[in-house]
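K.L.:
Any chance you can model this:
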Amino acid sequence: MDQTRKTAKWHKRKIRADYAQSGSCLRVGLLASFLMVVSVYLPSLDNDFIYDDTQVILEQKAPRSIADVARIFTERHFPNLPYYRPITRMTLLVQKSLHGDNPVPFHFMNILLMGMAMLLAYALLRLPAFGIHHRPALIASALFALHPIASSCVYPISSGRETLLPSVWTLAALYAYLHKGRGWRILAFWAFIGGLLSKEQAVVVPFLFVLADALRLSAHPPGRDARRWLQRYWPFVTVFFIYAMIRHQLFGTTEYVLNSLVLGPFLSVAYALQTIFFPFAELVYEPTILIWLSLSRLLLAATVLSVLAIFIFRRWSHMKVATEFWTGWFLITLLPTANLLRQEASFDERYVFLASFALFGLVAALVSTASDNPQVRRWTTAAGTVLVLAWSLISFHRSTYFKDDVTFSQQWLRTNPGIADPHYNLGSSLKKYTKFEQAILRSCKQWFLRDTASVNAHYNLGFALAKQGKFEAAIIHYSEALRLQPDLAYAHNNLGNALCAVGRYDEATTHFYRALQIKPDYVDAHYNLGVLLARSGKLDEAIAHFSLTLQFKPNSSDTRNSLDYAAAHNNLGNALAQKGRFGEAIHQYSEALRIRPEYADAHNNMANALVTQKRFQEAVAHYSTALNIKPDYADAQHNLEMVLNQFPELRKQR
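P.N.:
Modelled structure (predicted):
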């Protein structure tokens with residue numbers, strides 16, 4: 001034992017000397033690695049939003065004030081899942097408030113976060129406690145950031161951000177924790193909180209600290225002094241307690257369901273090792289066991305791991321602490337997604353991202369123990385460089401699978417056709433491009449073959465049927481979706497539209513009101529309810545809902561809302577005119593024409609209101625414009641003739 005410790009201390013002194021002599025050559029190499037990471041992922045700037053981005057970003061309202069940002073910390077991250085990730089959500093929604101629904105800045109932020117993860121990984125590996133030379137550390141950090149696993153954490157905006165942010169916080173937290181001084185400990189504590197509020201998986205960060213203390217890698221470890229352990233970790237226990245209370249308030253007591261305590265973790269470790277050593281060249285998103293499990297790949301991964309274990313054993317005096325730490329890192333960071341608890345997807349590459357760092361760190365530590373041998377340096381550098389280039393090419397190519405939601409869903413279906421999610425997502429994405437027949441045939445019907453009680457399948461099938469004019473069938477599927485999930489505001493609104501189409505106005509009104517109870521700022525429901533209320537003569541209520549439609553109107557950068565705001569202004573003008581408030585009505589018609597100058601109805605209605613104000617010349621101009629746009633517009637023609645018959649002199653001016 002004494003000899004092992006003496007060897008480790010000698011090796012640490014050697015590393016410190018190497019660290020001090022790195023100089024400008026190291027800085028150039030580090031900058032080159034960072035630029036390489038950015039370059040590999042740069043094609044994602046041409047990609048659109050996909051999958052979870054719709055609910056996490058596009059359907060969310062951008063914060064407009066500090067109070068709006070603070071409110072994020074009191075809300076779920078995802079509507080129907082027990083996710084509490086306010087910092088991740090805040091970064092996404094603050095970006096939305098700055099540049100709207102333009103995907104480019106979102107993608108660029110993910111690229112920068114991966115570059116930051118690479119830099120932090122290198123900085124952590126270069127700490128003297130780990131005994132890793134600068135060249136192996138540089139290659140290991142590049143492999144970590146450019147591995148195909150990492151690409152799955154960059155290209156999808158929201159799910160990528162959900163992995164990258166806590167990973168960056170975790171690396172920063174451990175880097176700070178292994179430094180001396182109270183300031184570094186405080187920084188490590190706040191980095192842990194940052195990670196925990198970015199994603200639940202960061203709950204394991206204090207256990208990494210415990211591992212570092214137990215192996216005496218940290219500065220002034222507590223040793224066997226129980227009082228020092230308590231003093232060091234009581235703040236983390238306090239944070240756990242507060243965090244648990246917040247989650248209980250948001251999700252109640254049913255958020256966790258136990259899964260297999262043996263098989264789940266075993267399969268997760270097998271998936272991780274297979275994916276790290278022999279990743280798929282193409283994107284295989286959230287694969288089931290039957291898709292990813294490959295005995296040949298597992299045997300190859302086990303062979304590589306066995307060879308690595310032999311080399312480690314031969315240099316055990318140098319590698320004991322490193323092996324224990326990096327093995328602990330691998331298991332601890334994998335634990336939250338190791339299927340101990342039931343999770344939305346059992347396996348995915350992003351679950352393995354932070355755990356993969358352990359193997360790169362372990363190999364870098366092993367190579368560093370033999371760095372005095374020039375031949376070893378040359379061969380390991382060459383092998384590492386080849387791997388960096390090969391994995392970079394795969395990661396670069398994978399950007400094509402994330403081009404848009406249709407491309408992503410089609411790739412998901414090609415590699416995993418037996419599950420429902422890709423069918424649903426393809427249906428949703430085809431729906432955006434108005435390919436409704438395809439949405440039915442290729443998505444929803446396939447879904448029903450596997451899951452007849454799917455809320456999303458019923459909702460999407462109802463949407464597609466309504467677009468085809470098959471309203472009675474659409475009503476059946478919207479109603480079934482609401483039976484399964486009664487608080488689905490979008491389904492209530494669309495069911496109301498379908499009921500209106502078949503003349504069932506009272507039922508439609510009930511569903512519009514219900515949609516607004518669930519989502520008070522739902523502009524489509526306010527507008528649709530306003531139309532029905534105006535139709536039934538309830539003008540004051542109609543005016544109120546049309547006004548709320550325009551009050552909650554998204555900012556001008558949001559081009560994805562389907563509501564016709566010109567029609568909203570026009571209908572508000574009509575209701576005001578019926579109440580005799582012609583001046584206000586004229587203002588609303590002007591707004592409608594500002595948005596859509598070729599709006600014939602608004603021109604006709606504007607002319608009618610101008611007549612009441614005795615502004616006949618302007619009225620004639622608007623009637624004439626309406627007829628130029630729509631020559632067979634009988635109402636405008638009739639009204640124009642009435643004005644011209646009363647004031648013949650205007651006929652000449654026309």
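
K.L.:
nearest residue to Ser429 other than its sequence neighbours?
P.N.:
Spatial nearest neighbour of Ser429, excluding adjacent residues (Cβ to Cβ, 6 or more residues apart in numbering): Asp405 at 3.4 Å. The way it works is simple: take the backbone N, C-alpha and C, and place the C-beta from them, glycine included.

K.L.:
Likewise for Thr381?
P.N.:
Arg135 (6.2 Å).

K.L.:
does that neighbour belong to a helix or a strand, and which?
P.N.:
helix 134-146 (DSSP states H and E).

K.L.:
residues touching Pro148, list them.
P.N.:
By Cβ atoms under 8 Å, 6 or more residues apart in numbering, the contact set of Pro148 is Pro279, Phe280, Ala281, Glu349, Trp391, Ile394, Ser395, Arg398.

K.L.:
from memory Ala117 sits against Pro166, does it?
P.N.:
No: checked against Cβ atoms under 8 Å, the pair Ala117 and Pro166 is beyond contact range at 10.5 Å.

K.L.:
Just the CA atoms of the helix holding Arg135, as CSV, please.
P.N.:
Extracted in CSV, the C-alpha atoms of helix 134-146 (Å, rounded to 0.1, in the frame of the first residue of the first chain):
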residue,chain,number,x,y,z
HIS,A,134,-2.0,17.2,-21.9
ARG,A,135,-2.0,15.2,-25.1
PRO,A,136,-4.1,12.3,-23.8
ALA,A,137,-6.4,14.8,-22.1
LEU,A,138,-6.9,16.7,-25.3
ILE,A,139,-7.7,13.6,-27.3
ALA,A,140,-10.0,12.3,-24.6
SER,A,141,-12.0,15.5,-24.3
ALA,A,142,-12.3,15.7,-28.1
LEU,A,143,-13.6,12.1,-28.2
PHE,A,144,-16.1,12.9,-25.5
ALA,A,145,-17.5,15.9,-27.4
LEU,A,146,-17.3,14.4,-30.9
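
K.L.:
taking the mean pLDDT, what do you get for that helix?
P.N.:
The average of the pLDDT scores along helix 134-146 is 95.

K.L.:
how distant is that helix from the center of its chain?
P.N.:
Relative to the chain's own centre, helix 134-146 is displaced by 27 Å; criterion: Cα atoms, centre = their mean, to the nearest Å.

K.L.:
Could you identify the helix or strand that succeeds that helix?
P.N.:
That would be, after helix 134-146 and using DSSP H and E, helix 148-151.

K.L.:
What does the pLDDT read for the residue positioned nearest the centre of the chain?
P.N.:
In the chain, the centroid-proximal residue (Cα atoms, centre = their mean) is Ser158; its distance is 1.5 Å. Here the pLDDT value assigned to Ser158 is 95.

K.L.:
can you check Lys470 too?
P.N.:
So, for Lys470, pLDDT stands at 84.

K.L.:
cool, and Ile475?
P.N.:
Per-residue confidence for Ile475 comes out at a pLDDT of 91.

K.L.:
Just give the nearest non-adjacent residue to Leu354, would you?
P.N.:
Thr333 (4.5 Å).

K.L.:
Please work out how many residues are found near the one you found.
P.N.:
Neighbour count for Thr333, taken as other Cβ atoms under 10 Å: 27.

K.L.:
can you tell me which residues contact the closest residue in space to Tyr177 that isn't next to it in sequence?
P.N.:
Leaving aside its chain neighbours, Tyr177 sits nearest to Ala188 (3.9 Å; criterion: Cβ to Cβ, 6+ apart). Listed by Cβ under 8 Å, 6+ apart, the contact set of Ala188 reads Ala173, Leu174, Ala176, Tyr177, Phe209.

K.L.:
if we go to 6 Å?
P.N.:
Ala173, Ala176, Tyr177 (Cβ atoms under 6 Å, 6 or more residues apart in numbering).

K.L.:
Any buried residues in the helix or strand harbouring it, and which?
P.N.:
Following DSSP H and E, one finds Ala188 within helix 182-196. Buried residues in helix 182-196, defined by neighbour count with 16 or more other Cβ atoms under 10 Å: Arg185, Leu187, Ala188, Phe189, Ala191, Phe192, Ile193, Gly194, Gly195, Leu196.

K.L.:
ok, the residue lying closest to the fifth one once chain neighbours are set aside to Ile246 distance?
P.N.:
Spelled out, that is Ala191. Counting by Cβ to Cβ, 6+ apart, Ala191 lies nearest to Ala173, which is 3.6 Å off, once chain neighbours are set aside. The spacing between Ala173 and Ile246, counted by Cβ to Cβ, to the nearest Å, is 20 Å.

K.L.:
Between these two, which is the more surrounded one?
P.N.:
Legend: neighbour count by other Cβ under 10 Å for Ala173 and Ile246, higher for Ala173 (27 against 14).

K.L.:
on contacts alone, who are the packing partners of the host helix or strand of the more buried one?
P.N.:
Ala173 belongs to helix 157-177 when assigned by DSSP H and E. Here helix 157-177 is seen to pack against helix 86-99, helix 103-125, helix 182-196, helix 205-214, helix 349-369 when contacts are counted using 3 or more Cβ pairs under 6 Å, 6 or more residues apart in numbering; DSSP states H and E.

K.L.:
Quick one: the ones you listed as CSV, columns for mean pLDDT and distance to Asn47 too.
P.N.:
Formatted as CSV, the helices and strands packed on helix 157-177 follow (pLDDT from 0 to 100; distance: least, Cβ to Cβ, whole Å):
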stretch, mean pLDDT, distance to Asn47
helix 86-99, 95, 16
helix 103-125, 96, 6
helix 182-196, 96, 27
helix 205-214, 96, 31
helix 349-369, 96, 17
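
K.L.:
Nearest to Glu162, out of the ones you listed?
P.N.:
helix 86-99 (5.3 Å; Cβ to Cβ).

K.L.:
Give the buried residues for the closest one.
P.N.:
Pro86, Ile87, Thr88, Arg89, Met90, Thr91, Leu92, Leu93, Gln95, Lys96, Ser97.

K.L.:
cool, and stretch 497-513?
P.N.:
Asn497, Ala498, Leu499, Cys500, Ala501, Arg504, Ala508, Thr509, His511, Phe512.

K.L.:
what ranges of the stretch 201-350 of the chain fall below the confidence cut-off?
P.N.:
By pLDDT under 70, the low-scoring segments of the stretch 201-350 of the chain are 253-261.

K.L.:
any common contacting residues for Ala117 and Pro166?
P.N.:
If you check Ala117 and Pro166 against Cβ under 6 Å, 6+ apart, no residue is contacted by both.

K.L.:
now what about stretch 197-217, what contacts it?
P.N.:
85-88, 129, 162, 165-166, 169-170, 173-174, 177, 192, 195-196, 218, 221-222, 236, 321, 324-325, 328, 332, 336.

K.L.:
Can you give me the end-to-end span of that stretch?
P.N.:
Using Cα to Cα, to the nearest Å, the end-to-end distance of stretch 197-217 comes out at 27 Å.

K.L.:
picking that back up, mind checking the helices and strands packed on helix 157-177 for the one nearest to Val304?
P.N.:
Between Val304 and those, the shortest gap by Cβ to Cβ is with helix 349-369, which sits at 9.6 Å.

K.L.:
Can you give the distance of that closest one from its chain's centre?
P.N.:
Taking mean C-alpha positions (Cα atoms, centre = their mean), helix 349-369 and its chain are 26 Å apart.

K.L.:
any low-confidence regions in the stretch 451-600 of the chain?
P.N.:
Low-confidence segments of the stretch 451-600 of the chain, defined by pLDDT under 70: 451-454, 456, 554-563.

K.L.:
for it, what spans make up the helices?
P.N.:
455-467, 471-484, 489-501, 505-518, 523-535, 539-551, 565-578, 582-595, 600-612 (DSSP state H, counting those that start in this stretch).

K.L.:
Can you name every helix or strand that whichever helix or strand comes after the last one contacts?
P.N.:
Once the chain leaves helix 600-612, the next helix or strand it forms, by DSSP H and E, is helix 616-629. Contacts defined by 3+ Cβ pairs under 6 Å, 6+ apart place helix 616-629 against helix 600-612, helix 634-646.
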